Each structure stands twice: as C-alpha cells, then as structure tokens.
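**Q** please find the sequence and the predicted model below.
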Amino acid sequence: MEQSGAAPQAIQSQDSGTHSLKATLPSLTNQDRQLYTEAAAFWPGTVLTFSVWVPEGNDDLYVQTFSQIDFYQWDASGSLASPLVRGGWTTWTYVVPKTFPGGMQRIGVQIGAGTRPFAGGDVYIDAITQQGGVVACSGPEVTRPTSPPDRHSFDFETPAPEWEVVDAPADVSLSISGDHPLNGSGALKVSLNALGAGEKRQLRISGPATACGQTATLNVWTPQGSDGLTFQAYVQFNGWSGWSGVTPAVVTRGAYTQIVVPVPGLDAVPPIGPGGYQALGIELENGTGAPFSGDVYIDDVSW
C-alpha cells in the first residue's frame, strides 16, 4: 500500500446534532490516506476507542488506527476496524504498545483501499476515548525485526553517522580524527570556524536508546586558550519539550573533561512522560567575547 504523510482535508462538521471530524477523500486504488495528530502522548497499555462512519460501497476499503512510536517506528497491531460497517458506524480499539525509549510521536487513522477501488467520499470520525495505561518506562514489546541494533556506546573508532549538528550551521563540522583520542585511535572532531560570540551549537544523537534510571557518560576535549568556551551534556525528552543538562564544575583545557548526566526518569523535575527521549548530546557556547575558531573532541560516550 502506498502511504501518504499528508492528512486529507479535514473539517468540523455537524451531523445529527453532534460534532464529528469529517474527511473528504479522493478515489483510492492501492493507496491510503492518514489523519493524525502530532505530539500524541499516551502511556503504554492505554486503550483508545475510535468510531468511524464510511459510505456504502463494494470495494476493498479498510480503516485502522496507527501510531508512530519509539522515534517514528510504525505500529498498527490489532487495530483494524473489522467488520467495517458500510453506511454506518464502526467502533474498534487500539492498545498503545511499548513506546519507550523514543516515546509516542503520532496517533491517527489510516484509510485505504486495495485493487477494488474506493470511489471517494466523506468519512466521519467521532467518539475517540482513552482508558487505562501504565505510568512506567515499559510496556508490551513491539517487534521490529528490520530495525538496526540499539547503540549504547560510541568510541569513534569508525564513522558515527548518528551524530549531527542541530540545524547544520556552516560554522561547525564533524569528522572522525586520530588527533586526540581518549582511548583507541579515534575521536569525534568538532571543528568550529569563527563561531560567533554568545552563539550556542548542539551536537547530538537523535533517538538515543536511553532509559529511565540510566546515566550517560561523555568525555570532551577542549584546547588550551579556550577558557571562554563552555559546554554541557544534555538529554532532551517529552517530545523535545524537556531539557536536562549538566555543566562540569571544572574544565581541564588541553585534556579531556568527563561529564555524567542522569537520564530523567519518573522522579525527575520535570519527570519523563509518555513522549520519551529524543536526543542526547553536547551543547557548546562561545563566551569568549569574540568569534572562536578551534577544534573540540568528543570520545567514549556510553550509557
């Protein structure tokens, strides 16, 4: 089936004295369309109830709930509206699976048809309710055999494409270098080229497999004469809205400084929510009062 990330046109429509979400769909053959909301946040085990009205027809029309979880992994387990009532309402449920560590990003309804085309028309969605759920960094597993193994350490002996500079500014570049390894023969080299005074840059792993109760250890090398260049290790969570950072009390210039940052859990302030963890990284800030050029190195990151 062809998937479309764009939601069909949806409006609020009053039908028989109640409000429903009305979606006007085009004809569909071996295609689907998705209606969804971003930044959805439900704890694992939450039972979501949906109701949909679809027009009469002799086709392969189907409707199911889907979510994108654990940093945009697809799940639609046991969520098919079946049997689908034509010219009437169908009610079905979806149980939120394990969303951690990446949390829930999106919840919605997918409507599609197979080789027997859906002629198009109006579909209504109503009475979405929730019940239950477990406030815990766990839940029933989701099998994703095509997913790569979760990485819990980086020694930078080989390329590490998971690391990125937020917004990819021209004044920062990343490479693997043998100049200042903490251990082994490689480290992540962060080249700063005339970084403006007062400017901040974030180097991160998006979608780290961090978990409640863990601690992340990062090692940062800064050059001599860079006393105004400061940094902190951080974790972003709760759908990017939460930030937990640790700044080292003492920085050793011309050598490595180790930072240990607790991964926020249920007892943190703010606590981890069903949005999960989005990023782990280092934020650099140029407090020298003038543009800064030089190299910083990161090595032996683990949690």
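**A** Alright, I've got the coordinates.
**Q** can you tell me the average pLDDT over stretch 27-36?
**A** Mean per-residue pLDDT for stretch 27-36: 96.
**Q** check stretch 238-257 too.
**A** On average, stretch 238-257 scores 96.
**Q** quick one: the strands in the stretch 151-300 of the chain, in order.
**A** If DSSP state E, counting those that start in this stretch is used as the criterion, the strands of the stretch 151-300 of the chain fall at 153-154, 163-165, 172-177, 187-195, 200-206, 215-222, 229-237, 242-246, 255-262, 277-286, 292-302.
**Q** could you dump those strands to TSV with mean neighbour count?
**A** (Each C-beta comes from the backbone N, C-alpha and C, glycine too.) Putting these into TSV (neighbours: other C-beta atoms under 10 Å) gives the following:
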stretch	mean neighbour count
strand 153-154	14
strand 163-165	18
strand 172-177	16
strand 187-195	20
strand 200-206	18
strand 215-222	21
strand 229-237	22
strand 242-246	17
strand 255-262	16
strand 277-286	23
strand 292-302	20
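**Q** what's the closest of those to Phe100?
**A** Nearest to Phe100 among these is strand 277-286 (7.8 Å), distances taken as C-beta to C-beta.
**Q** re the thing from before, out of the strands of the stretch 151-300 of the chain, nearest to Glu38?
**A** strand 277-286 (13.3 Å).
**Q** what helices and strands are in contact with the closest one?
**A** Packing contacts for strand 277-286, counted by 3 or more C-beta pairs under 8 Å, 6 or more residues apart in numbering; DSSP states H and E, involve strand 187-195, strand 200-206, strand 215-222, strand 229-237, strand 292-302.
**Q** tell me the domain ranges of this protein?
**A** The chain breaks down by automatic domain parsing into domains covering 10-131, 153-302.
**Q** rank the ones you listed by mean pLDDT and give me the bottom one.
**A** When I compare the domains of the chain, domain 10-131 is least confident, with a mean of 90.
**Q** quick one: residues contacting the residue nearest the centre of the chain.
**A** What sits nearest the mean C-alpha location of the chain, by C-alpha atoms, centre = their mean, is Phe71, with 3.4 Å. For Phe71, the contact set (C-beta atoms under 8 Å, 6 or more residues apart in numbering) comprises 102-103, 105, 206-207, 276, 278.
**Q** what of Tyr94?
**A** Counting by C-beta under 8 Å, 6+ apart, Tyr94 touches 47-48, 50, 65, 67, 78-79.
**Q** buried ones among the residues you listed?
**A** 48, 50, 65, 67, 79 (16 or more other C-beta atoms under 10 Å).
**Q** looking at those residues, which are in strands?
**A** When DSSP state E defines the strands, the subset of the buried ones among the contacts of Tyr94 inside them is 48, 50, 65, 67.
**Q** what's the farthest-apart pair in the residues you listed?
**A** Phe50 and Ser67 (12.0 Å).
**Q** between the contacts of Tyr94, which is nearest Val301?
**A** Among these, Ser67 lies closest to Val301 (C-beta to C-beta), at 29.7 Å.
**Q** the closest one contacts Asp75, correct?
**A** Yes. Between Ser67 and Asp75 there is a contact at 5.2 Å, judged by C-beta atoms under 8 Å.
**Q** shared neighbours, the two?
**A** By C-beta under 8 Å, 6+ apart, the residues touching both Ser67 and Asp75 are Pro97.
**Q** any idea how far Tyr62 lies from Val109?
**A** For Tyr62, the distance to Val109 (C-beta to C-beta, to the nearest Å) stands at 11 Å.
**Q** who's more crowded, those two?
**A** Taking other C-beta atoms under 10 Å, Tyr62 and Val109 do not tie; Val109 has more neighbours (23 against 18).
**Q** show me the contacts for the more buried one.
**A** Contact analysis of Val109 by C-beta under 8 Å, 6+ apart lists 34-36, 50, 52, 63-66, 125.
**Q** can you lay out those residues as TSV showing distance to Ile259?
**A** Output for the contacts of Val109, formatted as TSV (distance: C-beta to C-beta, whole Å):
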residue	distance to Ile259
Gln34	41
Leu35	43
Tyr36	37
Phe50	45
Val52	50
Val63	49
Gln64	44
Thr65	41
Phe66	39
Ile125	47
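**Q** generate a ChimeraX selection restricted to the buried subset of the residues you listed.
**A** What follows is the ChimeraX syntax for the buried subset of the contacts of Val109, where burial is set by 16+ other C-beta under 10 Å:
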select :34,35,36,50,52,63,64,65,66,125
